[in-house]
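Sequence unavailable; structure follows:
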């Protein structure tokens with residue numbers, strides 16, 4: 001290991017369409033100095049999703065090797081969703097490599113790092129931590145120290161406010177939450193002086209989901225400058241910290257995926273039912289088992305058709321915010337991951353995950369009530385994929401542009417843990433859980449408007465004395481870990497899928513620090529931390545609309 005220190009700044013969901021205009025406008029001086037080095041689009045995982053995205057960034061591996069495909073995993077014993085966490089990660093992360101080399105590490109607020117693992121330094125888990133009073137630090141006593149100096153510290157902030165329609169309260173808390181978290185991080189950084197550090201701001205992902213239309217399309221209304229104001233605030237937070245770094249520190253900024261506008265949701269289970277691939281139990285109303293009552297979805301479709309959906313949403317927001325300010329409880333709608341209306345004995349396929357955009361076949365011998373014979377599996381998989389690509393909106397728009405099998409995108413011993421088909425929506429479209437009044441409906445989460453959703457390409461910036469200036473290049477999310485390890489002079493495991501971005505580095509530095517590779521020893525079983533409170537974490541994911 002050489003004398004280069006590294007810092008990764010995570011911006012969950014950051015997209016160049018938001019960030020680059022603000023940089024070029026000159027209102028983000030600190031992001032601008034990071035941008036002035038190497039920068040470009042960062043190709044995420046398929047699908048572009050938080051758990052596999054962040055895990056690929058910190059392991060340098062694709063999901064087929066690190067085993068994190070979604071917020072959930074599946075078991076043939078039932079049809080329920082089982083939450084994944086850091087213990088499901090099947091390989092080392094960058095902080096493990098640095099720790100094993102004797103380097104000090106500081107990791108904070110990175111998604112899918114709960115329960116915390118042993119490192120040579122400090123680790124505070126991020127999004128995916130089930131409740132605020134659990135053991136979310138390593139070493140365990142670090143939590144007590146943090147709360148003593150920052151009594152109001154929270155790992156995450158309540159997204160339920162968004163789904164209750166209390167947008168004003170949520171947006172007012174975002175910057176204060178970011179400030180306190182980053183203050184804890186900078187204090188620990190000054191104390192530890194780590195060789196490797198990583199911190200992630202995750203709140204912008206939620207802002208992008210709910211306020212994309214106001215900020216990027218209409219550019220008017222009470223929340224029209226929300227993205228701009230948030231990035232300006234983060235830029236000011238970053239300034240003093242960047243100034244404090246020593247002159248040998250390399251800084252990389254990354255996002256786990258990008259973002260774009262969404263107008264409509266595709267209810268794949270409705271489509272499967274219409275096509276005869278999915279059946280509901282006799283006497284059951286599948287729509288009533290869904291996320292939103294049928295009458296609400298029909299009303300939403302009608303308002304959208306006559307051009308009044310946007311007007312309704314604005315009035316509804318104002319009504320909800322008024323009721324919340326008066327202390328009244330806002331309306332909530334039950335989540336619908338449970339497909340309790342499905343007749344599994346007559347179902348060949350079902351849409352299993354809105355978050356991972358995935359579909360599973362009800363395979364005999366794998367699913368508890370599987371009916372699809374192994375000999376018909378491949379043919380059925382191909383037929384459904386082909387027919388999904390033929391699905392069109394009422395104006396003739398093709399709403400699903402790509403359907404791929406796990407072996408098309410993943411490689412490694414854990415590919416069998418993936419779902420059977422993954423779907424890529426056309427621009428402006430997303431997916432939703434359960435059933436609805438129709439196959440294609442206005443996009444919502446818990447009855448609230450959703451105007452933004454994940455896109456394939458995020459952002460990356462790389463700056464430091466070893467980095468070329470003004471270089472634009474493409475990168476993959478699996479390149480993050482090998483690049484930072486190479487900068488630190490740490491040998492790269494032959495198991496890494498990504499490559500070090502040596503083309504972004506000064507040739508003299510590369511010649512003096514040649515990339516070395518080695519055969520990595522097997523990754524041992526992760527130490528067992530405090531058992532997660534799955535019920536609490538399920539509530540957190542419901543708040544965000546993934547359940």
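Received it, and whenever you're ready, just let me know what you need. Computed from a prediction, not measured in an experiment: that's the story for all the values here.

Does residue 514 fall in a helix, a strand, or a coil region?
coil (DSSP: H, G, I helix; E, B strand; the rest coil).

packing partners for the lengthiest helix in the chain?
The single longest helix within the chain, with elements called by DSSP state H, is helix 167-192. Applying 3 or more CB pairs under 8 Å, 6 or more residues apart in numbering; DSSP states H and E, we find helix 167-192 packed against strand 105-108, strand 121-124, helix 142-149, helix 160-163, strand 196-201, helix 203-212, helix 226-244, helix 309-325. Heads up, the C-betas are built off the backbone N, CA and C, glycines and all.

Export these to JSON lines and append columns for distance to residue 185.
As requested, the helices and strands packed on helix 167-192 are arranged in JSON lines below (distance: least, CB to CB, whole Å):
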{"stretch": "strand 105-108", "distance to residue 185": "5"}
{"stretch": "strand 121-124", "distance to residue 185": "8"}
{"stretch": "helix 142-149", "distance to residue 185": "10"}
{"stretch": "helix 160-163", "distance to residue 185": "24"}
{"stretch": "strand 196-201", "distance to residue 185": "5"}
{"stretch": "helix 203-212", "distance to residue 185": "15"}
{"stretch": "helix 226-244", "distance to residue 185": "8"}
{"stretch": "helix 309-325", "distance to residue 185": "31"}
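
Quick check: which of those is nearest to residue 21?
Of all the helices and strands packed on helix 167-192, helix 226-244 sits nearest to residue 21, with 9.3 Å by CB to CB.

and the closest one, average pLDDT?
Helix 226-244 carries an average pLDDT of 98.

repeat for stretch 139-148
97.

Only the buried residues of it, if you could.
142-143, 146 (16 or more other CB atoms under 10 Å).

got it, and stretch 363-370?
363, 366-367, 370.

Kindly reformat those residues as JSON lines containing pLDDT.
Formatted as JSON lines, those follow (pLDDT from 0 to 100):
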{"residue": "363", "pLDDT": "96"}
{"residue": "366", "pLDDT": "92"}
{"residue": "367", "pLDDT": "91"}
{"residue": "370", "pLDDT": "94"}
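
which one of these is nearest residue 99?
Looking across the buried residues of stretch 363-370 and measuring by CB to CB, the closest to residue 99 is residue 366, at 37.9 Å.

Okay, now the unreliable bits of the chain?
Of all residues in the chain, those with pLDDT under 70 make up the ranges 76, 131-132, 163, 286-338, 446-447, 525-547.

Now do the buried residues in stretch 383-392.
Those would be 384-385, 388, 391, for stretch 383-392 by 16+ other CB under 10 Å.

In TSV, list these along with secondary structure.
Shown next, in TSV, are the buried residues of stretch 383-392 (three-state DSSP):
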residue	secondary structure
384	helix
385	helix
388	helix
391	coil
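
From the residues you listed, pick the one nearest residue 46.
When the buried residues of stretch 383-392 are ranked by distance to residue 46 (CB to CB), residue 385 comes first, at 14.5 Å.

There's contact between residue 201 and residue 11 in this structure, I believe.
Yes: Residue 201 is within contact range of residue 11, at 5.7 Å (criterion: CB atoms under 8 Å).

All the helices of the stretch 401-547 of the chain, residue numbers only.
Ranges of helices in the stretch 401-547 of the chain, per DSSP state H, counting those that start in this stretch, are 406-409, 480-487, 507-512, 534-543.

Need the contact partners of the first one.
When you say that, I think you mean helix 406-409. 46, 62, 64, 415, 418-420, 422 (CB atoms under 8 Å, 6 or more residues apart in numbering).

Closest one to residue 38 out of the residues you listed, please.
residue 62 (22.9 Å).

residues near that closest one, how many?
By other CB atoms under 10 Å, 23 other residues sit near residue 62.

got it, and residue 88?
Neighbours around residue 88, by other CB under 10 Å: 19.

show me what contacts it?
Per CB under 8 Å, 6+ apart, neighbours of residue 88: 67-68, 73.

cutoff 6 Å now
Contact analysis of residue 88 by CB atoms under 6 Å, 6 or more residues apart in numbering lists 67-68.

Relative to residue 67, how far out is it?
From residue 88 across to residue 67, the span is 6 Å (CB to CB, to the nearest Å).

What count of nearby residues applies to residue 519?
7.

Likewise for residue 456?
16.

quick one, what contacts it?
44, 48.

how near is it to residue 354?
Residue 456 is 17 Å from residue 354, by CB to CB.

quick revisit: show me which of the contacts of helix 406-409 is closest to residue 110.
The closest of these, once distances to residue 110 are taken by CB to CB, is residue 62, at 18.4 Å.

so how far is the longest strand seen in the chain from its chain's centroid?
When the chain is parsed with DSSP state E, its longest strand is strand 258-266. Centre-to-centre, strand 258-266 and its host chain are 15 Å apart (CA atoms, centre = their mean, to the nearest Å).

neighbours of the nearest residue to residue 486 once chain neighbours are set aside, just the number please.
Closest residue in space to residue 486, ignoring its immediate chain neighbours: residue 500 at 3.7 Å, by CB to CB, 6 or more residues apart in numbering. Residue 500 has 21 neighbours, counted by other CB under 10 Å.

I'd guessed residue 500 sits against residue 480; true?
No: counting by CB atoms under 6 Å, residue 480 is not a contact partner of residue 500; they are 9.9 Å apart.

Would you mind splitting the chain into its domains for me?
The record's domain parsing of the chain by automatic domain parsing lists 5-42+50-257+457-467+479-543, 261-453.

Centre of the chain to the shortest one, how far?
I take that to be domain 261-453. The answer for domain 261-453 is 18 Å, by CA atoms, centre = their mean.

Let me see the contact set for the nearest residue to residue 458 once chain neighbours are set aside.
Nearest residue to residue 458, sequence neighbours excluded (CB to CB, 6+ apart): residue 255, at 3.4 Å. Contact analysis of residue 255 by CB under 6 Å, 6+ apart lists 11, 13-14, 458-459.

Residue 510: which of these is nearest?
Of those, the one sitting nearest to residue 510 (CB to CB) turns out to be residue 459, at 24.0 Å.

From residue 469, how far off is the closest one?
18 Å.

who has more neighbours, these two?
More crowded of residue 459 and residue 469, by other CB under 10 Å: residue 459, with 25 against 9.

Tell me the span between the first and last residue of stretch 475-485.
16 Å (CA to CA, to the nearest Å).

contacting residues around it?
By CB under 6 Å, 6+ apart, stretch 475-485 touches 6, 42-44, 56-57, 60, 94, 254, 460, 492, 496-501.

Take those residues and keep only those in strands.
6, 42-43, 254, 460, 492.

Quick check: next helix or strand after the longest strand of the chain?
Where DSSP states H and E defines the elements, the next helix or strand beyond strand 258-266 is helix 268-275.

buried residues in that following helix?
Buried residues in helix 268-275 (16+ other CB under 10 Å): 268-273.

what's the closest of the residues you listed to residue 80?
Nearest to residue 80 among those, with distances taken as CB to CB, is residue 269, at 15.7 Å.

isn't that closest one right next to residue 436, touching?
No: here residue 269 lies out of contact with residue 436, judged by CB under 6 Å, at a distance of 8.6 Å.

how near is residue 428 to residue 128?
From residue 428 to residue 128 the distance is 29 Å (CB to CB).

Comparing those two, which shows the higher neighbour count?
A count of neighbours by other CB under 10 Å puts residue 128 above the other of residue 428 and residue 128, at 25 against 15.
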